[in-house]
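Enquirer: Okay, sequence plus prediction incoming.
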Amino acid sequence: MPVGDEARALLRSHNFGVLSTHSVDMPGYPFGSVTPYALDRAGEPLVLLSAIAQHTKNIAADARVSLTVLDANAREPQAASRLTVLADVRPVPDSEPAARAVYVSHLPDSAGYVDFHDFALYRLDVRRARFIGGFGKIHWVAADDLRRANPLADSEAGIVEHMNADHGDALTLVLRAIGGIDAETVVMSGIDGEGFDVLADGVHRRLAFDTPIATPEEARAALVALVRRARAA
């Protein structure tokens with residue numbers, strides 16, 4: 001698998017990381033804070049920040065940041081894959097309601113405060129990334145190799161709504177049989193050309209397609225194939 005694909009798979013498989021900014025109160029020192037994120041239609045991270053948060057004040061002075069993503073549950077963290085995304089932070093304009101919809105779909109708990117006056121959505125404009133896939137597997141990844149636009153962007157909301165309304169049992173079955181995870185409640189939160197995301201009892205999980213897809217018809221076929229595999233298993 002190309003390094004960019006591996007790095008992107010890691011980025012998509014999580015929904016939080018450590019956002020590091022340049023400290024205003026302690027000039028010259030980095031300031032890290034755990035921050036949830038979701039990927040927008042272009043494949044770049046979105047973060048929701050409060051105006052009173054320290055990292056937001058830091059960003060106002062210097063928009064250069066990094067977002068580090070790793071498997072926090074790995075038995076040996078230094079042997080597990082991790083990714084540091086270097087980016088410039090930009091406010092998401094009000095003219096992009098789709099970005100807000102994507103963020104809330106992936107992080108539904110944010111619905112209660114995303115519209116508060118002191119919260120705003122920001123986009124990480126990726127410049128470069130550093131990916132470590134294990135011992136001796138260390139690479140710089142170009143921004144264009146990390147990003148991947150969602151070919152299902154225009155139909156994503158409809159697919160998600162349909163799957164949750166009519167096929168919740170199938171999602172639960174697929175997650176258990178293929179993902180190895182038992183959950184009482186499984187809700188699809190997003191779908192793209194490489195896989196789909198669910199909230200299993202509120203916890204983010206990612207299931208990848210065997211091969212990339214590009215159309216709603218291909219998405220349906222891929223989902224049907226996964227359900228058949230799950231039933232056979």
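Expert: Right, received. Where do you want to start?
Enquirer: hey, C-alpha coordinates of the longest strand anywhere in the chain in CSV?
Expert: Using DSSP state E to define each element, the chain has its longest strand at strand 119-134. These are the backbone C-alpha positions of strand 119-134, laid out as CSV (Å, rounded to 0.1, in the frame of the first residue of the first chain):
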residue,chain,number,x,y,z
PHE,A,119,-17.4,28.5,19.0
ALA,A,120,-16.1,28.4,15.4
LEU,A,121,-15.2,25.8,12.9
TYR,A,122,-11.6,25.8,11.5
ARG,A,123,-10.0,23.9,8.7
LEU,A,124,-6.4,22.6,8.8
ASP,A,125,-4.9,23.4,5.4
VAL,A,126,-2.4,20.5,5.2
ARG,A,127,1.1,21.4,4.1
ARG,A,128,2.9,18.2,4.8
ALA,A,129,2.8,15.2,7.1
ARG,A,130,5.2,12.8,8.8
PHE,A,131,4.1,9.2,8.9
ILE,A,132,5.7,6.4,11.0
GLY,A,133,4.3,3.0,10.1
GLY,A,134,6.5,1.1,12.5
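Enquirer: And the helices in the chain, which stretches?
Expert: Secondary structure of the chain (DSSP state H): helices at 3-12, 54-61, 97-106, 143-146, 156-166, 168-177, 216-232.
Enquirer: Let me know which of those helices is the nearest to V203.
Expert: The closest of the helices of the chain to V203 is helix 168-177. By Cβ to Cβ, the value is 10.7 Å. Any C-beta I mention is one placed from the backbone N, CA and C, and that applies to glycine too.
Enquirer: For the closest one, name the packing helices and strands.
Expert: The contact analysis (3 or more Cβ pairs under 8 Å, 6 or more residues apart in numbering; DSSP states H and E) places helix 168-177 against helix 156-166, strand 186-191, strand 195-200, strand 203-208, helix 216-232.
Enquirer: how big is the angle separating that helix from strand 195-200?
Expert: 100 degrees (axes from the mean of the first three to the mean of the last three Cα atoms, to 10 degrees).
Enquirer: Bridging across strands, which residues link to L121?
Expert: L121 has these beta-bridge partners by DSSP bridges: L48.
Enquirer: wait, isn't it in contact with P45?
Expert: No: if you go by Cβ atoms under 8 Å, L121 and P45 don't touch, sitting 11.0 Å apart.
Enquirer: the more surrounded of these two?
Expert: A side-by-side neighbour count of L121 and P45, using other Cβ atoms under 10 Å, places P45 first with 25 against 22.
Enquirer: quick one on the thing from earlier: mind giving me CSV with the helices and strands packed on helix 168-177 and columns for mean neighbour count and mean pLDDT?
Expert: Output for the helices and strands packed on helix 168-177, formatted as CSV (neighbours: other Cβ atoms under 10 Å; pLDDT from 0 to 100):
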stretch, mean neighbour count, mean pLDDT
helix 156-166, 15, 97
strand 186-191, 22, 98
strand 195-200, 22, 98
strand 203-208, 16, 96
helix 216-232, 15, 96
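Enquirer: where are the low-confidence patches of this structure?
Expert: By pLDDT under 70, the chain has no low-scoring segment.
Enquirer: cutoff 90 now
Expert: 1-2, 71-80, 94-95, 112-117, 133-137, 233 (pLDDT under 90).
Enquirer: To E76, which of the helices and strands packed on helix 168-177 lies closest?
Expert: Minimum separation from E76 across the helices and strands packed on helix 168-177 (Cβ to Cβ) falls at strand 203-208, 21.3 Å.
Enquirer: Show me what that closest one is in contact with.
Expert: 9, 12-15, 106, 174-175, 178-179, 181, 183, 189, 194-199, 226 (Cβ atoms under 8 Å, 6 or more residues apart in numbering).
Enquirer: Done for today, thanks.
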